[in-house]
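need coordinates for the below:
(one chain, ligands or ions: 1)
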Amino acid sequence: MLYLNNKLVTEKKALISVFDHGFLYGDGIYETLRAYKGAVFMIDEHIERLFRSASMIGLVLPKGHDGIKEAVYQTMKANGHKEAYVRITISRGPGPLGLDPALCPQPTFVIISKEFMDYPRSYYQKGVNIAIVNTRRNYKKALDPKIKSLNFLNNILAKRESIDRGAYEAIMLNHNGHVAEGTISNIFFVKDNILCTPATGVGILDGITRRIILDAARELGIKVKEGRFRPEDLYNADEVFISNTTMEVMPVSGVDDKKTPLKFTITRQLHKAYRKKVAEYIKG
Ligand code: PDD
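Now for the predicted structure:
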C-alpha cells in the first residue's frame, strides 16, 4: 500500500497525472527515511528538512509536521513493515503547462514504504570504490543542493560517469573544484586522526547522517574539521567513507586510481557509535 494525497491505496491505484509538475518539470521535493524495529530514525529531523526544502521552493505542504509523521507510520503499518525504506515525495501537483507554481493549487503527496534490503555485507567489510567525476555539483546560487529536490539530473549525470568507471558512488566537486558530495551521500575522510568533511557552505545537502556522525566524533574526542577540500586531500587520506540514511557509514576502499590502501579504523568506530545512537533512539 502507498499513501497518495489523503489515503492509502494499492500500488496499482497509486496513479498521478501526466500534468503533474513533478513529472513535467521536476518541481518538487522528497525525503528518504529508514525505519528500524518499527521506529523511523530521526523522523522529526527529516520532516523539518522537508519543510525547509518546501519553503526554499515556495511550496506549501498539504499537511503539518504531525500529519506527515502520522501518515508515514500509517503507511508502514498498512504494509506490516518494521525494517523499512520510506520515501516522502511532494510535487507541485497537476496543472496546465507552464512554470508558474500558482498553476498548481494542489500538491501531490506520496509516501512509499518498502521492506529494507540490507546492503551486501562485503560493502561494509571491504569498502566500496568511488570516483571523482567531471560533472560538478549544482552551483548553490543556481539550484542549492540544500534543497532535497526531485530535480535529480545533476546527480544522475554524475552517476552515469561513475557507472562508466566501475565506481560505486560518484563524488562531485563544486564550481570552485572543492570536494562537495556524492550523488546520494555525503563524504568524509580521515587524515592524521582528524575527521574532515566538506562544510555545508561548499554547496551540499546538510545530511542528517552527516550531523550524527559529526556529533558522535566529537563525543568520542575525535577532532573534526568542516572545510574546503581538494581531490588531493581524498587521494592522500588515511580513511574515506560516505554516509546517508540508508547506508549509514560506508567505508571506501579506493578513490579513483589511488593505490595506497585505505584503513577503516575510525570509520568503524564511527559506524559503531552511529549504530549505538540508532539503538538508543529505538529504545526511546
Ligand atoms: N540521499 N547528499 C545527497 C545529494 C543526498 O541525496 C543524500 C541522501 C545525502 C545524505 O543525506 P542523509 O544523511 O540525510 O540521508 C547527501 C537519500 C538517501 C536518497 O537520495 O535517497
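
can you name the residues of the stretch 101-250 of the chain that neighbour the ligand?
181, 184-186, 205, 207-210, 243-246 (C-beta under 6 Å from any ligand atom). To be clear about C-beta, it is placed using only N, CA and C from the backbone, and glycine gets the same treatment.

quick one: which of those residues is most hemmed in?
Glu181 (29 neighbours; other C-beta atoms under 10 Å).

tell me what that one is bridged to.
Met172 (DSSP bridges).

what does the model give it for pLDDT?
Predicted confidence (pLDDT) for Glu181: 99.

again with Pro261
84.

what sits closest to it if chain neighbours are left out?
Ser253 (7.7 Å; C-beta to C-beta, 6 or more residues apart in numbering).

contacting residues around that neighbour?
By C-beta atoms under 8 Å, 6 or more residues apart in numbering, the residues touching Ser253 are 126-129, 261-262.

which of the residues of the stretch 101-250 of the chain next to the ligand fall in helices?
Judged by DSSP state H, the subset of those located in helices is 208-210.

so can I have a markdown table of these showing pLDDT?
Listed next are those as a markdown table, based on pLDDT from 0 to 100:
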| residue | pLDDT |
| --- | --- |
| Ile208 | 98 |
| Thr209 | 98 |
| Arg210 | 98 |
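
can I get those residues in CSV including distance to Ser122?
What follows is those, written out as CSV (distance: C-beta to C-beta, whole Å):
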residue, distance to Ser122
Ile208, 26
Thr209, 21
Arg210, 24
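
coming back round to it: element containing the residue nearest to Pro261?
In the assignment (DSSP states H and E), Ser253 maps to strand 248-255.

in the next helix or strand after that strand, which residues are buried?
Under the assignment DSSP H and E, the closest C-terminal helix or strand after strand 248-255 is helix 265-283. Buried positions in helix 265-283, judged by neighbour count with 16 or more other C-beta atoms under 10 Å: 266-267, 269-271, 273-274, 277-278, 281.

for the stretch 101-250 of the chain, which segments count as strands?
Assigned by DSSP state E, counting those that start in this stretch, the stretch 101-250 of the chain shows strands spanning 108-115, 128-132, 169-173, 179-182, 186-191, 194-198, 223-227, 239-244, 248-255.

wait, Asn5 touches Thr108, no?
Yes - in this structure Asn5 lies within contact range of Thr108 using C-beta atoms under 8 Å: 6.8 Å.

the two: who's more crowded?
Thr108 (21 against 16).

and the helices in the stretch 1-150 of the chain, which stretches?
21-25, 43-56, 65-79, 121-126 (DSSP state H, counting those that start in this stretch).

what's the domain layout of the chain?
2-115, 121-283 (automatic domain parsing).

strands paired with the strand holding Ser253, and their directions?
Partners of strand 248-255 in its sheet, by DSSP bridges: strand 128-132 (parallel), strand 239-244 (antiparallel).
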